[in-house]
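1. Here is a sequence together with a model predicted from it:
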Amino acid sequence: MRKIIFRNMVSLDGFFEGPNHEIDWHMVNDEFNELSIDMEKTTDTLIFGRITYELMASYWPTELALTDDPKVARMMNTLTKVVFSRTLKHVDWQNSRLVNGDTVEEITRLKQLPGKDMAIFGSANLAKTLIENNLIDEYQIFVNPVVLGGGRSLFEGIKTKLTFNLQGTKIFKNGLVLLTYQPDWK
C-alpha cells in the first residue's frame, strides 16, 4: 500500500505561516533542495489543497523557477499532482488532476493503487482532514530556527491527542532540523 507523507515547515513556535500568510521565512538551500530531489525516488504523486496548489502552480512552471531551481522545477512539474478543491473548476499545471468529491474516499482509493508514495505539502485544511481520518503515514516536519510570534499552527483545529514515534532526524548546515515521525496508530 502506498504511504502518504506530510511535509511541512514550522517555526520554533509551531507556525507553518506567519500572521499575514507569509512563508518568506522558510529556509530553503541547496541541502534542502537535494533532499527534495531525492524524494522523487520514492514519491510519484503530490497532493494539494486549493491554496497550496495555486501557490505552487504560480511559481514552478515559470522561467524564474526553471532558471533558479531547474532540478526541483523539473521534479515539481513532472510529478502527478492531485488537487482537492470544492471551488476550483479546472487545474492547468502539467500533470494535475482536480478532485471535487469525497476527500477521504479518494485518498483511500489512491493509497490502494500501485505506485510510489504520495506527499502532501502545506495544504493545512486538507491535511487536517487526512489527519483526522488516520490517512497520513509519515510526518516530515522541518523546524526553522525562527520565532514568528503568531500565525497559523501546523495542527490548528485538531481536537484529539496525537502521539508519534520518532523515526529519524537530520540537522542542516543552516540550522533547519528535519524531524520524521510515524503516527502511533500505525
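-> Yep, it's here.
2. most centrally placed residue in this structure?
-> Centroid-nearest residue in the chain: Phe121, 1.2 Å away (criterion: Cα atoms, centre = their mean).
3. Could you pull up the residues touching that one?
-> Arg7, Asn8, Leu46, Phe48, Thr52, Met56 (Cβ atoms under 8 Å, 6 or more residues apart in numbering). C-beta: built from backbone N, CA, C; applies to glycine.
4. so what's it scoring on pLDDT?
-> What the model reports for Phe121 is a pLDDT of 90.
5. before we move on, what about Glu34?
-> For Glu34, the predicted pLDDT is 85.
6. hang on, Gly157 packs against Lys128?
-> Yes - when contacts are counted by Cβ atoms under 8 Å, Gly157 is listed as touching Lys128 (5.3 Å).
7. Of those two, which one has the most company?
-> When Gly157 and Lys128 are compared on other Cβ atoms under 10 Å, the one with more neighbours turns out to be Lys128, at 16 against 12.
8. The more buried one falls within a helix, correct?
-> Yes - membership of Lys128 in a helix is supported by DSSP: H, G, I helix; E, B strand; the rest coil.
9. how much space between it and Arg152?
-> 11 Å (Cβ to Cβ, to the nearest Å).
10. Kindly report the same for Leu55.
-> 14 Å.
11. For the host helix or strand of Asp38, name the packing helices and strands.
-> Assigned by DSSP states H and E, Asp38 belongs to helix 30-39. Contact partners of helix 30-39 among helices and strands, from 3 or more Cβ pairs under 8 Å, 6 or more residues apart in numbering; DSSP states H and E: helix 70-78.
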